[in-house]
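1. Got a predicted model here, sequence first, then my questions.
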Amino acid sequence: MEQSTTLELRNIHKSYGELKVLKGVDLSAKTGQIITIIGSSGSGKSTLLRCINQLEKIDSGEIYFNGNVIVNDEISNKSKIIKENINDLRKRVSMVFQQFNLWSHMTVIQNVTEAPTSVLKMRRSEALERARDVLTRVGLEDKLNEYPANLSGGQQQRAAIARALAMSPEIILFDEPTSALDPELEHEVVRVIKRLANENRTMILVTHDMKLAKDISNYILFMDEGKIVEKGSPDVIFNNTKTDRLKKFLETVSFSNT
Ligand SMILES: Nc1ncnc2c1ncn2[C@@H]1O[C@H](COP(=O)(O)OP(=O)(O)OP(=O)(O)O)[C@@H](O)[C@H]1O
Ligand SMILES: [Mg+2]
C-alpha cells in the first residue's frame with residue numbers, strides 16, 4: 001500500500017535577528033516513517049523541530065499536515081486561521097524535549113492526564129485510564145503518584161514520553177531525548193524509543209547517538225548551517241557518504257553502545 005505523507009515542509013526559512021538559522025529546509029514524512037536528523041551543534045536541528053509544531057514562527061515557507069496547509073506565506077498574517085491551524089496541529093503532534101520539561105508541581109499521572117483533559121477535552125476517567133496504560137508501557141506503573149523531582153532522569157524522560165503518547169499523536173518529535181542522561185539511564189529510554197519505532201508511528205528524532213540513528217531510522221537527514229546537505233537511508237548516509245561535510249561530521253561523533 002502506498003504510504004501517505006503526514007507532514008510536509010517546503011522551503012522553510014527562519015532567522016533570529018541577523019542570524020539565518022534555517023535556509024530553505026524541505027522535509028517530507030510518510031505515515032510510520034522514522035526520520036532522524038543529525039548534524040553539528042548550532043546547525044538548526046532544534047529550531048527545525050520547534051518550527052514543525054510551531055513553537056517558533058517561520059519567516060517563510062509552507063507546512064502541510066495530512067495534505068492540509070497549516071502555514072504558508074499567504075496565510076501567515078491571518079492570525080485567526082493560523083491560530084486554529086496551530087491548535088489543530090498541536091493536538092496531533094507531540095514533542096519530547098532533551099530536558100524532559102515535566103511540570104514539577106504535578107505528579108507523574110497528573111502530568112500525563114493534563115493535556116488530554118484540557119486540550120482534547122477527554123473525560124477524567126478516560127484520561128486516567130489512558131495515562132495508566134501509557135505509563136505501564138514505559139515501565140512507570142509504580143511511579144504514578146511521584147513528583148518528577150523524585151524520579152531518575154531516565155524515569156523522568158520516560159514519563160515525558162508517556163505524556164506525549166497520551167495524546168495519541170500522529171507524529172512524535174524527539175529533540176535529543178537521551179543526551180541529558182547518564183549512559184546507564186540512556187539505555188532504558190532508548191529501549192522505549194525503539195519499541196515505539198516498531199509500532200508504525202511517525203517519528204522525527206534529533207539525536208547525537210549515531211548507533212540509535214542507524215538502528216531505528218528509515219531515513220536520515222544531515223543538517224549543516226541551516227540546510228539539509230545530505231539525506232537517505234542509514235546505509236546511504238553511513239556507508240556511502242557523499243559530501244566532505246558529512247564525512248567530517250561522522251568522524252567527530254560517537255557510536256554509543258545503547
Ligand atoms: N531563541 C533564539 N534566539 C536567538 N538565537 C537562537 C534562538 N534559538 C536558537 N538560536 C540560534 O540558532 C542557531 C541554531 O540553534 P539550534 O538550537 O537550532 O541548533 P541545534 O542544531 O539544535 O544545536 P545543538 O546540537 O547544540 O542542540 C544557533 O546559532 C543558536 O544560537
Ligand atoms: Mg538542539
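-> Here it is on my side, so go on. Here the structure is a predicted model, which is why all the values come from computation and not from measurement. Numbering: from 1, shown residues only. Ligands and ions are numbered 1, 2, ... in the order given.

2. And the helices in the stretch 1-150 of the chain?
-> 45-52, 79-92, 108-118, 124-137 (DSSP state H, counting those that start in this stretch).

3. orientation of the shortest one relative to helix 79-92 in degrees?
-> Okay, so that is helix 45-52. For the pair helix 45-52 and helix 79-92, the angle between their directions (axes from the mean of the first three to the mean of the last three C-alpha atoms, to 10 degrees) equals 110 degrees.

4. Where do the strands of the protein begin and end?
-> Per DSSP state E, the chain has strands spanning 5-16, 19-30, 34-39, 60-65, 68-71, 93-96, 171-175, 202-206, 219-224, 227-232. These are given in chain order.

5. just the helices of the stretch 1-150 of the chain: most buried one?
-> Ranked by mean neighbour count, the helices of the stretch 1-150 of the chain are led by helix 45-52 with a mean of 22 (mean count of other C-beta atoms under 10 Å). The way it works is simple: take the backbone N, C-alpha and C, and place the C-beta from them, glycine included.

6. Give me the contacts around that one.
-> 7, 9, 12, 14, 21-22, 25, 27, 37-39, 56-58, 63, 93, 95, 173, 175-176, 204, 206, 223 (C-beta atoms under 8 Å, 6 or more residues apart in numbering).

7. Compute the inter-axis angle for it and strand 219-224.
-> With the same axes, to 10 degrees defining the directions, helix 45-52 sits at 120 degrees from strand 219-224.

8. Which one of the strands of the chain lies nearest to residue 154?
-> Using C-beta to C-beta as the measure, strand 93-96 is the one of the strands of the chain that comes nearest residue 154, at 13.0 Å.

9. Are the closest one and ligand 1 in contact anywhere?
-> No: Strand 93-96 stays clear of ligand 1 (C-beta under 6 Å from any ligand atom), getting no nearer than 13.2 Å.
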